[in-house]
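**Q** The sequence and its predicted three-dimensional model are supplied below.
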Amino acid sequence: MPRGSNAKRERQYEHIKESALDRGENEKRAEEIAARTVNKERARSGEAKTASRSSTQDMSSSRRGGKRSHSGSEGPTYDQLYAEAQRRNIHGRSSMDKAGLKRALGE
């Protein structure tokens with residue numbers, strides 16, 4: 001659990017972790033998903049001392065999940081694909097659309 005969190009964030013962390021485990025993620029990955037989600041929500045609500053621009057400007061995880069819950073799985077968003085392409089240092093990513101990013105990332 002991230003340091004400096006309150007009881008609400010601890011419950012949120014456990015709920016997200018259990019959901020990830022139910023989806024078949026391993027223990028370590030489930031903890032990572034839960035910690036990242038809780039930290040992002042803390043940053044968005046002003047509870048964290050520092051926050052990245054993507055944490056404060058990106059769509060909240062709860063809203064994003066709700067938007068997709070009835071339309072089926074459309075996979076990661078363009079911004080998520082672009083961030084992964086940037087992390088992997090894929091050249092030409094800035095001119096790629098969502099489909100191009102998926103191809104370049106092998107998804």
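**A** Thanks, I have the structure now. Numbering: from 1, shown residues only.

**Q** what's the host helix or strand of residue 43 packed up against?
**A** Take DSSP states H and E as the rule and residue 43 turns out to sit in helix 27-44. Helices and strands touching helix 27-44, as assessed by 3 or more C-beta pairs under 8 Å, 6 or more residues apart in numbering; DSSP states H and E, comprise helix 7-22, helix 53-57, helix 61-68. C-beta coordinates here come from the backbone N, C-alpha and C atoms, glycine included.

**Q** What residues sit buried inside it?
**A** 30-31, 33-35, 37-44 (16 or more other C-beta atoms under 10 Å).

**Q** And for stretch 91-107?
**A** Those would be 93, 96, 98, 101-102, 104-105, for stretch 91-107 by 16+ other C-beta under 10 Å.

**Q** Nearest to residue 21 among these?
**A** residue 105 (25.4 Å; C-beta to C-beta).

**Q** ok, the buried residues of stretch 91-107 vs residue 26, which is closest?
**A** Taking these together and measuring to residue 26 by C-beta to C-beta, the closest member is residue 105, at 21.4 Å.

**Q** This completes my enquiry, with thanks.
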